[in-house]
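A.B. asks: what's the 3D shape of this:
(2 chains)
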Amino acid sequence: MTTDNQNPNPSEQQERQKNFVEQIVEADLAANTHEGRVHTRFPPEPNGYLHIGHAKSICLNFGIAQNYKGKCNLRFDDTNPAKEDIEYVESIKEDVQWLGFQWDNIYFASDYFQQLYDLAVQLIKAGKAYVCSLSPEETREYRGGWDSVGKDSPYRDRDIQENLSLFERMKAGEFADGEHTLRAKIDMASPNMNMRDPAMYRIKHIHHHRTGDQWCIYPMYDFAHGISDSIENITHSICTLEFEHHRPLYDWFLDELDIFRSRQYEFARLNITHAIMSKRRLLELVENKHVQGWDDPRMPTISGLRRRGYTPQAIREFCTRIGVTKQNSTHDISWLEDSLRAQLNKEVQRRAAVIRPLKVVIENFPEGHVEFMEAVNNPEDPSFGTRQVPFTRELYIEQSDFMEDPPKKFFRLGPGREVRLRYGFFITCQEVIKDGDGNIIELRCTYDPETRGGQAPDGRKVKGTIHWVSAEHAVEAEVRLYDHLFQTPNPSDVEEGQSYLDNLNPHSLEVLTDCKLESSLAEAQPGERFQFERLGYFCVDTKESNGTKPIFNRSVTLRDTWAKMQKRS
RNA sequence: UACCCCAUAGUGUAAUGGUAGCACCAGUGAUUUUGAUUCACUUAGUCUAGGUUCAAAUCCUAGUGGGGUAACCA
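C.D. replies: Reported below is the predicted structural model:
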């Protein structure tokens, strides 16, 4: 985990064009709008696990605080106890920190319940809020639609004293759920539905994970959020596009209450191909066992990506690469994968691993003899040094590195062909051995002792270089290959009568239990990452791997132009 | 049906009235003991129609297309 918890490197942020939110911040700084103060917040509702879309928001909010010497709060928007849970609070804290960010303050909207209540009373006294006794159904009818204006609630003109007393009694628990609401008195004819006397408080006799049974009325998002921002002196309240038409309401509350004026700015939420980001659906995948949990390595959750082997840097890099705008857009998931490859290529050691083994016997190599070969740990950086790998008469190579009847462009092993075993010798395939069903089960080869290390003194070349593992020294392991959870780029795009679940990729997980790893991998620690040469980047599973038979997760494949060529033809 | 937001190479994003750039993808080639990495080159774009202006991707109007919005959810 040495590379995991580093703080974001300032250079990650430098030399980049500013996004529109940063430009707003810079303009405010230039105009001295808040005496040079910048204060953002990340306001998750603790009703699910954080995903890569939240990472975008986290990078934006914490990143701005960092770059402009400001502050960023973590604030839990816990105003609806029906959906929220302490389990989520803990996971969110962990994920934010793992991503490399530290909040200046940690707050809960529920910390402000009393203040919120007092401010609501203030609005009632100002004649700007009233207790409404319409049922939920009636409220909906009175609100009207896009083609019609709303009707005033018959309770809209209750006098202030009555409102005060009713609201007091709501708080005291004298009424059942749904009997009354507190509503802002704005404009039932507004073209913006949010302004048609929105609810500020509803009655819910539910235990809250932090305030217990102290309250039975809970504030609505629109009332609580802006005021929470204001209480914390948030200068830039950044949220996603769907809150755009809540902004007039956000402004209305702060103006009517005449409290610190935070400003709300909206950006487009993140979409990624072959993935879904809706908390509701993610929960559905977990509950219906389509995946093995929130941290299933196929999930776009932070905990899933972490277990998959993603690094915080790669996720941050991805977030800065995609930018921040108001345009709805979908990013190709390969961008995320590329960010990981780019980092791991430079930082991770190479190892040999054969995941679908094919036995090779070097007929002219003495039985029982072990020759140690020197292998480079990272060709990108000599300071990673080298290691010794044992070469013996019996080896494993990858099944896909042999073809009995190879096409022209196939550079690997075939009958009579010579290839280089990386850091080993040149070998030539002499004989193919099959079982009764015609399956290839073993190759008999010869090696050229003159090619030790992989160079021929006579200068002859071979087309292909393949990896191998000494059978005698091999570590047995399980390897889990992951592919996109959804097989279509946009899982939500479905035929009539189908659902996104129909687009689940049946091959998103392939478990290989007969893998042969280079002996040095025996000591690999949970979470440790390697490049298995020619295959991809892998990490030791943090949850289920154990000493007897390690489990490796494939984080991402290497780029594979050979596979691409095959697909094309 | 009403209102709001958005529109630049395939994708994603710059240019904030003054030369349309960048990244990824794709293609071609070079290097290579990973068909990896790296490097070089190439293809390709301002939704449409009007208007303002010496000058419009940028400002205005209309249209078109996409997205969002009618929880006592956030």
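A.B. asks: tell me the contacts of A:Cys59?
C.D. replies: A:Cys59 makes contacts with A:99, A:316, A:319-320, as judged by C-beta atoms under 8 Å, 6 or more residues apart in numbering. In short, each C-beta sits where N, CA and C put it, glycine included.
A.B. asks: among those, which two are most distant?
C.D. replies: Pairwise distances across those (C-beta to C-beta) peak at 12.7 Å, for the pair A:Leu99 and A:Thr320.
A.B. asks: Same drill for those two, tell me which one is more crowded.
C.D. replies: Neighbours per residue, other C-beta atoms under 10 Å: of A:Leu99 and A:Thr320, the larger number sits with A:Leu99, 23 against 18.
A.B. asks: Next one: that one relative to RNA strand B, how far apart?
C.D. replies: 20 Å (C-beta to the nearest atom of the strand, to the nearest Å).
A.B. asks: ok, that residue - contacts?
C.D. replies: A:55, A:58-59, A:302, A:312, A:315-316.
A.B. asks: Make JSON lines from the residues you listed and add pLDDT to it.
C.D. replies: Below are these laid out as JSON lines (pLDDT from 0 to 100):
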{"residue": "A:Ala55", "pLDDT": "98"}
{"residue": "A:Ile58", "pLDDT": "98"}
{"residue": "A:Cys59", "pLDDT": "97"}
{"residue": "A:Ile302", "pLDDT": "98"}
{"residue": "A:Pro312", "pLDDT": "97"}
{"residue": "A:Ile315", "pLDDT": "97"}
{"residue": "A:Arg316", "pLDDT": "96"}
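A.B. asks: Identify, from those, the entry nearest to A:Tyr49.
C.D. replies: Of all these, A:Tyr49 sits closest to A:Ile302, with 7.1 Å by C-beta to C-beta.
A.B. asks: Name the nearest residue to the closest one, sequence neighbours excluded.
C.D. replies: Leaving aside its sequence neighbours, A:Ile302 sits nearest to A:Asp95 (C-beta to C-beta, 6 or more residues apart in numbering; 4.0 Å).
A.B. asks: what's near enough to touch the one you found?
C.D. replies: A:49-50, A:54, A:302-303, A:306.
A.B. asks: Check the spacing between A:Ala129 and A:Asn163 real quick.
C.D. replies: Per C-beta to C-beta, to the nearest Å, A:Ala129 is found 7 Å from A:Asn163.
A.B. asks: More neighbours: which of the two?
C.D. replies: A:Ala129 (27 against 23).
A.B. asks: secondary structure class for the closest residue to that one other than its chain neighbours?
C.D. replies: Nearest residue to A:Ala129, sequence neighbours excluded (C-beta to C-beta, 6+ apart): A:Leu123, at 4.0 Å. Per DSSP: H, G, I helix; E, B strand; the rest coil, the secondary structure class of A:Leu123 is helix.
A.B. asks: how many neighbours does A:Leu123 have?
C.D. replies: Neighbourhood size, A:Leu123 [other C-beta under 10 Å]: 20.
A.B. asks: show me what contacts it?
C.D. replies: For A:Leu123, the contact set (C-beta under 8 Å, 6+ apart) comprises A:129, A:184, A:200, A:256-257.
A.B. asks: And A:Ser133, by the same measure?
C.D. replies: A:155, A:179-180.
A.B. asks: can you check A:Arg269 too?
C.D. replies: By C-beta under 8 Å, 6+ apart, A:Arg269 lies in contact with A:53, A:56, A:240-242, A:277.
A.B. asks: With A:Glu45 instead?
C.D. replies: Contacts for A:Glu45 (C-beta under 8 Å, 6+ apart) come out as A:76-78, A:80, A:83-84.
A.B. asks: can we see that at 10 Å?
C.D. replies: A:76-80, A:83-84, A:88, A:92, A:109, A:221, A:279 (C-beta atoms under 10 Å, 6 or more residues apart in numbering).
A.B. asks: Where do the helices of the stretch 201-350 of chain A begin and end?
C.D. replies: Using DSSP state H, counting those that start in this stretch, the helices found in the stretch 201-350 of chain A span residues A:221-231, A:247-257, A:279-287, A:302-308, A:312-322, A:333-347.
A.B. asks: Likewise for the stretch 1-150 of chain A?
C.D. replies: Under DSSP H, counting those that start in this stretch, the stretch 1-150 of chain A gives helices at A:10-13, A:20-30, A:52-67, A:86-98, A:113-125, A:136-143.
A.B. asks: follow-up on the earlier one: closest one of the contacts of A:Leu99 to RNA strand B?
C.D. replies: A:Cys59 (14.1 Å; C-beta to the nearest atom of the strand).
A.B. asks: Spatially nearest residue to A:Asp222 (excluding sequence neighbours)?
C.D. replies: Nearest to A:Asp222 is A:Leu249, by C-beta to C-beta, 6+ apart, at 5.1 Å.
A.B. asks: quick revisit: could I get the contacts of A:Ser133 as JSON lines with secondary structure and neighbour count?
C.D. replies: Converted to JSON lines, the contacts of A:Ser133 look like this (DSSP: H, G, I helix; E, B strand; the rest coil; neighbours: other C-beta atoms under 10 Å):
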{"residue": "A:Tyr155", "secondary structure": "coil", "neighbour count": "17"}
{"residue": "A:Glu179", "secondary structure": "coil", "neighbour count": "14"}
{"residue": "A:His180", "secondary structure": "coil", "neighbour count": "22"}
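A.B. asks: A:Glu22: which of those residues is nearest?
C.D. replies: A:His180 (44.2 Å).
A.B. asks: distance of the closest one from A:Ile203?
C.D. replies: Distance from A:His180 to A:Ile203, by C-beta to C-beta: 7 Å.
A.B. asks: Touching both of the two, which residues are there?
C.D. replies: A:170, A:174, A:217.
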